[in-house]
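Enquirer: need a structure here:
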Amino acid sequence: MKNLYLTTLALAVAGSMTFADSHSVVRLGTEGAYPPYNFLNDDGEVDGFEREVGDEVCARAELTCEWVTNEWDSIIPNLVSGNYDVIIAGMSITDERDEVIDFSQGYTQPDPSAYLAMSADVDLAGGVVAAQTGTIQAAFIASTGATLLEFATPDETVAAVKAGEADAVLADKSFLQPIADADGEVMLLEQEELIGGGVGLGVRESDGELLATLDAAITSMKEDGTLNALIEKWGVGEQF
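Expert: Modelled structure (predicted):
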């Protein structure tokens, strides 16, 4: 079994070197507004869990990568149109998205979605719940009896709750927990939702070679514990 794994890894590395030789730069597209997954630091550079994951994936795959930021609501169309080559933006793997692009294996487990509100007695079933446009949380709310209020950015969803426009916001718990810890006006509710199939890298359906290269790098990060160490560092869910 060990020899089989080493042979498979060697073939994957060989494939990644071939891809690297034929592609000078691989552009990584992210939102830069969804901590701890991705955000812009004080120097205006992409930072966070996915910055470290992306840099490590590129190093292991021997790819030269550069970071590109893009608004969330157009992040898939602009991948397809060629503005960048990989989406690494806290994007959950879903069947609907998989019809348009291809996903790598997950580099996080499914993260519980949590509700942030001003009080514990809000009406989640019949109230107004905010979510970022195009997310698994927005789709989930739309399937319930609640009224969905969508915003372009995650920060706007939180602002809507604080302004009284929405009763609660539904988002990844790892995004909302630091906000609840730092802001005494809001709180996380006990109710959580487990939706989505984990977070993966997105690529164009025509880029099968690139996808195999990225998958091999993620596999090696799982095997040696590097990915689990980053998951623990940034608090983005359960380890593999």
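
Enquirer: Please name the residues that touch residue 140.
Expert: Contacts for residue 140 (C-beta atoms under 8 Å, 6 or more residues apart in numbering) come out as 113, 131, 170, 193, 195. (C-beta placed from N, C-alpha, C; glycine too.)

Enquirer: Which strand or helix spans residue 129?
Expert: strand 128-132 (DSSP states H and E).

Enquirer: So which other helices or strands are in contact with that strand?
Expert: Contacts defined by 3 or more C-beta pairs under 8 Å, 6 or more residues apart in numbering; DSSP states H and E place strand 128-132 against helix 136-142, strand 147-151, helix 154-162, strand 168-172.

Enquirer: Those: which one's closest to residue 30?
Expert: Proximity to residue 30, assessed across those by C-beta to C-beta, is greatest for helix 154-162 (13.2 Å).

Enquirer: how close does the most centrally placed residue in the chain get to residue 33?
Expert: Centroid-nearest residue in the chain, with C-alpha atoms, centre = their mean: residue 90, separated by 0.8 Å. For residue 90, the distance to residue 33 equals 10 Å [C-beta to C-beta, to the nearest Å].

Enquirer: Residue 168 now?
Expert: According to C-beta to C-beta, residue 168 and residue 33 sit 20 Å apart.

Enquirer: Would you mind telling me which of the two has more residues around it?
Expert: A direct count of neighbours by other C-beta atoms under 10 Å for residue 168 and residue 33 places residue 168 higher, at 27 against 20.

Enquirer: what are the bridge partners for the residue nearest to the more buried one when sequence neighbours are not counted, then?
Expert: Distance criterion C-beta to C-beta, 6 or more residues apart in numbering; nearest residue to residue 168, sequence neighbours excluded, is residue 117 at 4.1 Å. The partner list for residue 117 in beta bridges (DSSP bridges) reads residue 168, residue 187.

Enquirer: Any idea how many residues pack against residue 117?
Expert: By the criterion of other C-beta under 10 Å, residue 117 has 20 neighbours.

Enquirer: that older thread, where does the residue nearest to the centre of the chain fall, secondary structure wise?
Expert: Using DSSP H and E, no helix or strand contains residue 90.

Enquirer: and what of residue 217?
Expert: In the assignment (DSSP H and E), residue 217 maps to helix 208-223.

Enquirer: Which secondary structure elements does that helix sit against?
Expert: Packing partners of helix 208-223 (3+ C-beta pairs under 8 Å, 6+ apart): helix 2-22, helix 49-60, strand 102-108, strand 199-203, helix 226-234.
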